[in-house]
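**Student:** Show me the folded form of this:
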Amino acid sequence: MLRSELPTSEYNNFYHTYILALGEIELLSGLKTGKKDFLSLLDQIPENKLSFAYAEGKWTLAEAIVHVIDTERIFQYRALRFARNDKTDLPGFDQDLYVPNSNASSRSLESLRNEYKVVRASTLALFNSMDEAALLRIGVASGSRMSVRALGFIISGHQAHHSRIIRERYLKMN
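**Tutor:** Here you go, the predicted structure:
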């Protein structure tokens, strides 16, 4: 399924910029390419840069990476629940509570890289297992309707958004 085939009625407008920023990608190939791209970005990070924050009150680079991982886990969980036709409304999450409790400052780049690989492999396995009917199922999270397929694109778009921030604000690379 292509990103352009995803109607805006399948997700909250909050996620629209993430989804549009992806360009014209296919759901599964976008997740696979995103994995390769994010690992390549992580390979460019010096270990001593993990504790760097680009401004007062901003997350460190390690915290930003953990945020990408945590958010993917949450969206993956939502996709699983909705794909299995669970009609329970799911609550939102407060990213600003997750980050300080993530122990990111004690993590090595290798441990972050390994955790990301496992989480993305799990995301790919989940989405590879779904048929068209599962991808089209709708659930409610954070008070908004969203489809399983929208969650896949949001995972890719959220990561792309933070990759851009990491390049521009943490690593100053284009």
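**Student:** remind me, longest helix of this structure?
**Tutor:** Longest helix in the chain, counting residues (DSSP state H): helix 61-83.
**Student:** So which elements touch that helix?
**Tutor:** helix 95-98, helix 109-128, strand 138-141, strand 144-147, helix 148-165 (3 or more CB pairs under 8 Å, 6 or more residues apart in numbering; DSSP states H and E). Heads up, the C-betas are built off the backbone N, CA and C, glycines and all.
**Student:** could you say what helices and strands the last one packs with?
**Tutor:** What it means is helix 148-165. Looks like helix 148-165 contacts helix 16-20, helix 27-43, helix 61-83, helix 109-128, helix 132-136 (3+ CB pairs under 8 Å, 6+ apart).
**Student:** Please work out which of those helices is packed deepest.
**Tutor:** helix 61-83 (a mean of 21; mean count of other CB atoms under 10 Å).
**Student:** gap between it and the chain center?
**Tutor:** Remark: helix 61-83 is offset 5 Å from the chain centroid, using CA atoms, centre = their mean, to the nearest Å.
**Student:** May I have the phi/psi pair for His89?
**Tutor:** Actually, residue 89 is Asp. It isn't His. phi -70, psi 130 (degrees, to the nearest 10).
**Student:** residue contacts, it?
**Tutor:** By CB atoms under 8 Å, 6 or more residues apart in numbering, the residues touching Asp89 are 139-141, 143.
**Student:** again, but for His67
**Tutor:** The contact partners of His67, by CB under 8 Å, 6+ apart, come to 59, 95, 98-99, 102, 162.
**Student:** closest to Leu6 among these?
**Tutor:** Closest approach to Leu6 among these (CB to CB): His162, at 20.6 Å.
**Student:** now the closest residue to the closest one other than its chain neighbours: how far from Glu168?
**Tutor:** Spatial nearest neighbour of His162, excluding adjacent residues (CB to CB, 6 or more residues apart in numbering): Val68 at 5.0 Å. The gap separating Val68 from Glu168 is 15 Å, by CB to CB, to the nearest Å.
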